[in-house]
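[1] just coords:
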């Protein structure tokens with residue numbers, strides 16, 4: 001029916017399809033397309049595809065290709081076997097590109113595929129799909145991983161009217177200190193806050209979610225040069241990093257600035273900028289918030305100039321300092337702030353979040369990564385990134401060894417062509 005609907009001839013005779021090897025269990029509709037193509041090639045309706053091509057897909061009665069489950073692991077297997085072109089239903093194409101292996105072509109129907117194989121049309125290779133990031137722009141408390149006790153403490157401060165004018169968030173890298181500080185600032189400013197979170201919908205919250213609220217200011221380490229000499233010259237890059245990565249450290253920030261080989265600092269001139277910003281009238285009747293990320297990077301002159309302001313700030317001024325190494329701060333600064341200790345995340349919290357962010361990750365693997373992370377979600381993300389890179393190298397090594405064995409032991413000289421192709425690709429890269 002599919003062949004007839006596609007305007008193709010189909011043999012009216014007994015047909016035997018051999019799904020070798022017999023000892024490998026086969027199930028599902030994934031084989032519809034390759035079986036149909038085999039029959040069409042045997043009767044001359046389509047050119048015989050190359051041996052380096054693979055086909056996956058369910059075929060409907062009208063010749064349309066329907067998506068199937070499990071395309072990504074199939075694409076990974078195809079990569080290991082040296083497949084160069086993978087034809088899949090259009091709806092599965094994006095998923096298949098994640099294997100970063102063979103060229104992927106999304107097919108709508110049988111007629112389109114036959115026309116392409118016969119050289120009548122040219123198919124466009126699918127670009128590698130980059131999944132849309134989870135919306136990390138949200139600065140509500142509910143969007144911060146774990147830290148329920150800290151969230152409760154911060155909300156209680158606001159509910160009871162005990163907002164300390166200078167607070168220091170401390171903890172290791174990757175536990176959500178900056179995210180908590182920003183969620184807290186948004187909560188303070190929200191006119192429709194609940195007992196445990198901001199509304200996330202009012203004009204104030206929407207401005208905070210873009211880090212564009214007129215009463216929200218930042219200070220952070222920079223490297224003076226052609227890019228500028230105060231934080232405002234780099235603030236767009238800083239906002240972009242916060243919105244894109246929620247969990248990051250100095251290394252990530254230096255990379256975003258393009259100064260990996262240098263060390264940043266909060267210079268003396270920044271203290272004058274902070275004084276100027278906080279002397280301005282607030283928008284409406286809310287708090288003016290100064291978030292100082294990595295305050296231990298303030299040089300002595302900058303820190304000393306801020307002491308008076310930390311001790312006696314203007315009315316409705318809120319300092320939120322976010323530090324990984326509070327022991328490096330001046331004792332006079334520490335004596336003027338209220339410390340909020342942000343503990344390490346639990347392994348269960350990290351593992352659960354990893355499973356949500358990486359849908360293909362098994363629970364046992366997520367638990368192992370969480371254990372290695374030692375309470376830091378940033379470390380967990382880096383372990384995942386390194387694992388994906390290493391897996392690609394391992395897959396290439398396995399393919400190399402398999403082809404070398406086929407040449408040496410089985411005298412399969414088609415594998416020699418694959419080895420040559422691999423060496424050329426390595427040379428080009």
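    That came through, no problem. Keep in mind it's a predicted model, so treat the numbers as computed, not measured. Numbering: from 1, shown residues only.
[2] Spell out the secondary structure type for the closest residue to residue 338 other than its chain neighbours.
    Using CB to CB, 6 or more residues apart in numbering and skipping residues adjacent in sequence, the residue nearest residue 338 is residue 164, 4.2 Å away. The way it works is simple: take the backbone N, C-alpha and C, and place the C-beta from them, glycine included. Look at residue 164: counting by DSSP: H, G, I helix; E, B strand; the rest coil, its state is coil.
[3] Report the contact partners of residue 164.
    For residue 164, the contacting residues are 157, 337-338, by CB atoms under 8 Å, 6 or more residues apart in numbering.
[4] What pLDDT is listed against it?
    Per-residue pLDDT puts residue 164 at 90.
[5] Among the contacts of residue 164, the buried ones, what's the ChimeraX command?
    This is the ChimeraX syntax for the buried subset of the contacts of residue 164, where burial follows 16 or more other CB atoms under 10 Å:
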select :157,337
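[6] Return the member of the contacts of residue 164 nearest to residue 295.
    residue 337 (9.1 Å; CB to CB).
[7] Going along the chain, name the helices of the stretch 251-400 of the chain.
    268-279, 300-311, 331-334, 347-357, 363-373, 377-410 (DSSP state H, counting those that start in this stretch).
[8] just checking, residue 244 is part of a strand?
    No. With three-state DSSP as the criterion, residue 244 is helix rather than part of a strand.
[9] quick one: it from residue 284, how far?
    According to CB to CB, to the nearest Å, residue 244 stands 29 Å off from residue 284.
[10] same thing with residue 316?
    For residue 316, the distance to residue 284 - CB to CB - is 10 Å.
[11] Any regions of this structure where pLDDT drops low?
    Judged by pLDDT under 70, the chain has its weakly predicted residues at 130-138, 226, 387-401, 410, 413, 415, 419, 422, 425-429.
[12] Residue 316 and residue 284: who's more crowded?
    Between residue 316 and residue 284, residue 316 has the larger neighbour count (other CB atoms under 10 Å), namely 15 against 11.
[13] so what's the nearest residue to the more buried one once chain neighbours are set aside up against?
    Of all residues not flanking residue 316 in the chain, residue 287 sits nearest, at 4.8 Å (CB to CB, 6+ apart). Contact analysis of residue 287 by CB under 8 Å, 6+ apart lists 163, 185, 188-189, 215, 316-318.
[14] Which positions in stretch 264-274 come out as buried?
    Neighbour-count burial for stretch 264-274, with 16+ other CB under 10 Å as criterion, is recorded at 264-267, 270-271, 274.
[15] Contacts only, for the closest residue in space to residue 301 that isn't next to it in sequence.
    Leaving aside its sequence neighbours, residue 301 sits nearest to residue 268 (CB to CB, 6+ apart; 4.0 Å). Residues in contact with residue 268 (CB under 8 Å, 6+ apart) are 299, 301-302, 305.
[16] Residue 87 now?
    Counting by CB under 8 Å, 6+ apart, residue 87 makes contact with 33, 53-57, 105, 107, 113.
[17] how does it look with 10 Å?
    Residue 87 sits next to 33-34, 37, 49, 53-57, 65, 93, 96, 102-107, 113, 116-117, 123 when contact means CB atoms under 10 Å, 6 or more residues apart in numbering.
[18] Out of those, name the ones that lie in strands.
    Under the assignment DSSP state E, the contacts of residue 87 contribute 53-55, 65, 103-107 to strands.
[19] Including distance to residue 5 and neighbour count, could those residues go into JSON lines?
    JSON lines is the format used below for the ones in strands among the contacts of residue 87 (distance: CB to CB, whole Å; neighbours: other CB atoms under 10 Å):
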{"residue": "53", "distance to residue 5": "23", "neighbour count": "19"}
{"residue": "54", "distance to residue 5": "24", "neighbour count": "20"}
{"residue": "55", "distance to residue 5": "18", "neighbour count": "23"}
{"residue": "65", "distance to residue 5": "12", "neighbour count": "27"}
{"residue": "103", "distance to residue 5": "28", "neighbour count": "15"}
{"residue": "104", "distance to residue 5": "25", "neighbour count": "26"}
{"residue": "105", "distance to residue 5": "21", "neighbour count": "21"}
{"residue": "106", "distance to residue 5": "20", "neighbour count": "20"}
{"residue": "107", "distance to residue 5": "15", "neighbour count": "23"}
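[20] Could you single out the nearest of the residues you listed to residue 127?
    Distances from residue 127 to the ones in strands among the contacts of residue 87, taken as CB to CB, are shortest for residue 104 (9.1 Å).
[21] So that closest one is in contact with residue 92, correct?
    Yes. With contact defined as CB atoms under 10 Å, residue 104 reaches residue 92; the gap is 8.9 Å.
[22] intersection of neighbour lists for those two?
    In contact with both residue 104 and residue 92: 71, 75, 86, 126, using CB under 10 Å, 6+ apart.
[23] Reformat those residues as JSON lines; add neighbour count.
    Shown next, in JSON lines, are the shared contacts of residue 104 and residue 92 (neighbours: other CB atoms under 10 Å):
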{"residue": "71", "neighbour count": "25"}
{"residue": "75", "neighbour count": "26"}
{"residue": "86", "neighbour count": "26"}
{"residue": "126", "neighbour count": "18"}
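[24] Kindly provide the distance from residue 77 to residue 30.
    Residue 77 is 12 Å from residue 30, by CB to CB.
[25] and the two? which has more neighbours close in?
    The residue with more neighbours, out of residue 77 and residue 30, is residue 30; 18 against 13, by other CB under 10 Å.
[26] Show me which residues of stretch 176-193 are buried.
    Across stretch 176-193, burial judged by 16+ other CB under 10 Å covers 176-190, 193.
[27] correction: stretch 347-362
    Neighbour count says stretch 347-362 has 347, 349-355, 357-358, 361 buried, by 16+ other CB under 10 Å.
[28] now stretch 88-96
    Quick answer for stretch 88-96 (16+ other CB under 10 Å): 88-90, 92-96.
[29] For residue 316 and residue 284, list the residues in contact with both.
    residue 215.
[30] For residue 66, which residues are in contact?
    Residue 66 makes contacts with 29, 32-33, 57-60, 89, 91-92, as judged by CB under 10 Å, 6+ apart.
[31] switch to 7 Å and redo it
    58, 60, 89 (CB atoms under 7 Å, 6 or more residues apart in numbering).
[32] in the sheet, who's paired with the first one?
    The reference is to residue 58. residue 66 (DSSP bridges).
[33] ok, it touching residue 29?
    Yes. Counting by CB atoms under 7 Å, residue 58 does reach residue 29; the two are 3.7 Å apart.
[34] Mind checking which of these two has more residues around it?
    Neighbour count, other CB under 10 Å: between residue 58 and residue 29, residue 58 has more, with 17 against 14.
[35] Thank you kindly, that will do.
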